[in-house]
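Asks: kindly return the folded structure for what I paste below:
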Amino acid sequence: MSQSAYMQHVVTYGYTVLWIFLSAVVILVNKYILDFAGFHFPIALTLSHMAFCSAVATALIKLGFVKAIDMDNTMYFNNVVPIAALFSGTLWLGNAAYLYLSVSFIQMVKAQMPVTVFLTGLLLGTERYSFRYAANLVVVAIGVGTASYGEIQFDLLGFTLQMGSIVTESFRLVLIQLLLQARGIKLNPVTTLYYIAPACFLFLCFPFTFIEAPKLFAATDLQVPYGLISLSCVAALALNMSVFLLIGRSSALTMNIAGVIKDWLLIMLSVLLYGSPVTTLQLFGYGVAFAGVTWYNIQKIQQTSPPPAAVLTQEKSDDLEKQPLVQAGGKN
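Replies: Numbers count the residues shown, from 1 in each chain. The predicted model follows:
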């Protein structure tokens, strides 16, 4: 292997490690803020992320470091706004689930993502029914159901919130294919944040005004963890950038392997740092779901040979902000 090729591999693995690290930081810090630090306001936390990302992206574009794309108002409202609305729901519901569920269990539930993406694709016409795919996804659903049954601290509200986040994320991914990619609109992380983060912020203002604002402003003894919130904002922004870098350099297989390592790492860290109980039945159920997801992804890769970004649209998503708001490539 030449020195140049060796360095290319080193850089790719470096990006992979960076993505795994930042994913873990975002998820674990958000969990700590919302649960252990006593700041039980997931919408407010998400609003801070969107405000920070909007400000940084706007500054980069207005100062000329990144060029904006040509997008008129009609295209923006018809194509971008619906995706931003769904992403707002994904962020809100997913962050809210941290109030009720452990990080380890949430990672197990997220194995359900390929099932909902496939069903949403069937509903909106981007997928064609395949008995082989359907059988794999039944295995995934059984595995997630078993893991849920084995969860000692199962909370129906938290589970419902997390499943709601997965459903909105699935519709978002399919709409990206229908509304953006079909029209040849390609957004890098900065332009994605520039166009979508402000819309997300506005959408989130409505539930914040009626649900959290009265409690937040009425609280007299609330200790706001400004330092941790700032860390979460910076980590979320950096994570979007790292995913874009990784997509451009890695293969579908690399992304799958990295995703598996990240999921198991987060389950382990949740147990070690937060004392989350994990039962044998849960691990067995997650193992079944993991096997189904892995085989499903292998079949997809073999059938379509998609670009690296395709794996991210099928892969179970890890925090709500672990991926770019809009993927750079196609789903299939």
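
Asks: enumerate every residue touching the residue nearest to Ala111 when sequence neighbours are not counted.
Replies: Closest residue in space to Ala111, ignoring its immediate chain neighbours: Ala289 at 4.0 Å, by Cβ to Cβ, 6 or more residues apart in numbering. For every residue, glycine as well, the C-beta is placed using N, CA and C. Contact analysis of Ala289 by Cβ atoms under 8 Å, 6 or more residues apart in numbering lists 108, 111-112, 139-144, 147.

Asks: redo that, cut-off 7 Å
Replies: By Cβ atoms under 7 Å, 6 or more residues apart in numbering, the contact list for Ala289 reads 111, 140, 143-144, 147.

Asks: tell me which entries of these lie within helices.
Replies: 140, 143-144, 147 (DSSP state H).

Asks: any chance of those residues in CSV, with neighbour count, distance to Ile166 and pLDDT too?
Replies: Formatted as CSV, the ones in helices among the contacts of Ala289 follow (neighbours: other Cβ atoms under 10 Å; distance: Cβ to Cβ, whole Å; pLDDT from 0 to 100):
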residue, neighbour count, distance to Ile166, pLDDT
Val140, 25, 12, 88
Gly143, 23, 15, 91
Val144, 25, 10, 90
Ala147, 28, 14, 90
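
Asks: can you give me the end-to-end distance of stretch 89-103?
Replies: The separation between the terminal residues of stretch 89-103, taken as Cα to Cα, to the nearest Å, is 19 Å.

Asks: ok, now stretch 165-185?
Replies: The first and last residues of stretch 165-185 sit 25 Å apart, counting by Cα to Cα.

Asks: please begin residue numbering at 56 from this point
Replies: From this message on, residue numbering opens at 56, which makes the last subject stretch 220-240.

Asks: now that stretch: average pLDDT?
Replies: Mean per-residue pLDDT for stretch 220-240: 83.

Asks: what residues of it count as buried?
Replies: Buried residues in stretch 220-240, counted by 16 or more other Cβ atoms under 10 Å: 220-236, 240.

Asks: strands - which of those land there?
Replies: Secondary structure from DSSP state E places none of these in strands.

Asks: which residues in the protein form helices?
Replies: With DSSP H as the criterion, the chain has helices at 58-86, 97-117, 128-130, 136-152, 158-164, 168-179, 186-204, 211-230, 244-262, 268-273, 281-304, 307-329, 335-359, 364-369.

Asks: out of the ones you listed, deepest packed?
Replies: Across these, averaging neighbours per residue (mean count of other Cβ atoms under 10 Å) puts helix 158-164 on top, at a mean of 26.

Asks: what mean pLDDT does that helix have?
Replies: Per-residue pLDDT values over helix 158-164 give a mean of 92.

Asks: one more: stretch 64-71?
Replies: The average pLDDT for stretch 64-71 rounds to 78.

Asks: relative to the whole chain's centre, how far out is it?
Replies: Distance of stretch 64-71 from its chain centroid, counting by Cα atoms, centre = their mean, to the nearest Å, is 21 Å.

Asks: could you dump it to PDB, C-alpha only?
Replies: Provided in PDB are the C-alpha atoms of stretch 64-71 (Å, rounded to 0.1, in the frame of the first residue of the first chain):
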ATOM      1  CA  HIS A  64      -7.400   5.200   5.000                       C
ATOM      2  CA  VAL A  65      -6.200   7.000   8.100                       C
ATOM      3  CA  VAL A  66      -8.300  10.100   7.300                       C
ATOM      4  CA  THR A  67     -11.400   7.900   6.700                       C
ATOM      5  CA  TYR A  68     -11.000   6.100   9.900                       C
ATOM      6  CA  GLY A  69     -10.400   9.400  11.700                       C
ATOM      7  CA  TYR A  70     -13.600  10.800  10.400                       C
ATOM      8  CA  THR A  71     -15.400   7.500  11.400                       C
END
